[in-house]
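Q: got a sequence here, can you model it:
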Amino acid sequence: MRKVIIPGEVIVSGESYLPGDGTEKRGNDIVAIKYGLAEEANKLVKVIPLSGVYIPRRGNLVIGKVENITFNGWVIDIGTPETSFLPLMETPRFVNKNGLDEFLDLGDMVVAKINEITKRGIDLTTKMHGLGKIEKGITMEVNSNKVPRVIGKEGSMISMIKDETRCNITVGQNGIIWIQGNNVEDELFAKKAILHIVEKSFVEGLTEEVKKWFEKNRRGK
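A: Below is the predicted model:
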């Protein structure tokens, strides 16, 4: 079973089905929360997004997870088929070769820039200001194709979200977003706003739509 599905559409009904990626269970129905191709296998239902995968470019800001530590750096998963590597020499301070896990350990999230793309993979750097290990806050993932909508023209949309939610927000071009606020409530509010933007990304006049959303959902009012 593979058919094009839109958010809100019921894919299958029945107690025995389980919701997978891009779906959620509402009563006995499995409903799509993403636009894409519906697929069912062994009673697990998921939606494969139709929008394209992230294409890395030199200079892109990305957020990834440490998935391996080698003798001279870290392998970082940024959601690309190619391997991404952060060399030891691309860190902002001296790191002992015997203590790489003290600087970045397995599972740590890191903000980096793409330094170079070669045949063997992607080289990252954390030498610039604002890059490095994520210590606080939350991360979320959106389709990388939606990143321009989240940022907005000349950063207008992301500025509005920051002002309304009182959070610092770093948007990776690979679709991973880091939100850091004074409390979890503010962070979750920012996440909710970003999810709304992603959901409404096809709407014309999106900025006005999001302004109205904030007026309706503003915390403390």
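
Q: do a quick rundown of the helices in this protein.
A: Along the chain, counting by DSSP state H, helices occupy 100-103, 147-151, 156-165, 184-199, 206-217.

Q: a markdown table please, covering the ones you listed and showing mean neighbour count, mean pLDDT and distance to residue 121.
A: (Glycine included, C-beta is placed from N, CA and C.) Formatted as a markdown table, those follow (neighbours: other C-beta atoms under 10 Å; pLDDT from 0 to 100; distance: least, C-beta to C-beta, whole Å):
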| stretch | mean neighbour count | mean pLDDT | distance to residue 121 |
| --- | --- | --- | --- |
| helix 100-103 | 15 | 93 | 18 |
| helix 147-151 | 18 | 90 | 22 |
| helix 156-165 | 18 | 95 | 29 |
| helix 184-199 | 18 | 95 | 29 |
| helix 206-217 | 14 | 92 | 35 |
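
Q: tell me which of those helices approaches residue 91 most closely.
A: For these, the distance to residue 91 is smallest for helix 100-103, at 6.5 Å, taking C-beta to C-beta.

Q: which segments of the chain make up each domain?
A: Domain ranges of the chain: 2-49, 61-133, 138-217, per automatic domain parsing.

Q: turn those domains into CSV, columns for distance to residue 55.
A: CSV is the format used below for those (distance: least, C-beta to C-beta, whole Å):
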stretch, distance to residue 55
domain 2-49, 15
domain 61-133, 8
domain 138-217, 8
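
Q: can you pull the pLDDT of the nearest residue to residue 92 once chain neighbours are set aside?
A: Once flanking residues are discounted, residue 92 sits nearest to residue 127: 5.2 Å by C-beta to C-beta, 6 or more residues apart in numbering. For residue 127, the pLDDT comes out at 94.

Q: could you do the one 4 residues further on as well?
A: Note on residue 131: pLDDT of 96.

Q: what residues are up against it?
A: Going by C-beta atoms under 8 Å, 6 or more residues apart in numbering, residue 131 touches 92, 110, 111, 112, 113, 125.

Q: follow-up on the earlier one: out of the helices of the chain, which is closest to residue 72?
A: helix 100-103 (8.6 Å).

Q: want to throw the helices of the chain into a markdown table with distance to residue 30?
A: Converted to a markdown table, the helices of the chain look like this (distance: least, C-beta to C-beta, whole Å):
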| stretch | distance to residue 30 |
| --- | --- |
| helix 100-103 | 41 |
| helix 147-151 | 27 |
| helix 156-165 | 31 |
| helix 184-199 | 18 |
| helix 206-217 | 27 |
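
Q: mind checking which of those is nearest residue 43?
A: helix 184-199 (27.0 Å).

Q: quick one, the closest one and helix 156-165 angle?
A: Angle of helix 184-199 versus helix 156-165, following axes from the mean of the first three to the mean of the last three C-alpha atoms, to 10 degrees, is 150 degrees.

Q: centre of the chain to helix 184-199, how far?
A: Taking C-alpha atoms, centre = their mean, to the nearest Å, one finds helix 184-199 lying 12 Å from the centre of the chain it belongs to.

Q: what of stretch 48-63?
A: Offset of stretch 48-63 from its chain centre (C-alpha atoms, centre = their mean): 10 Å.

Q: okay, buried residues for that stretch please.
A: 54, 56, 60, 61, 62, 63 (16 or more other C-beta atoms under 10 Å).

Q: for the residue lying closest to residue 80 once chain neighbours are set aside, what are phi and psi?
A: Leaving aside its sequence neighbours, residue 80 sits nearest to residue 56 (C-beta to C-beta, 6+ apart; 5.4 Å). Backbone torsions for residue 56, taken as degrees, to the nearest 10, come to phi -70, psi 140.
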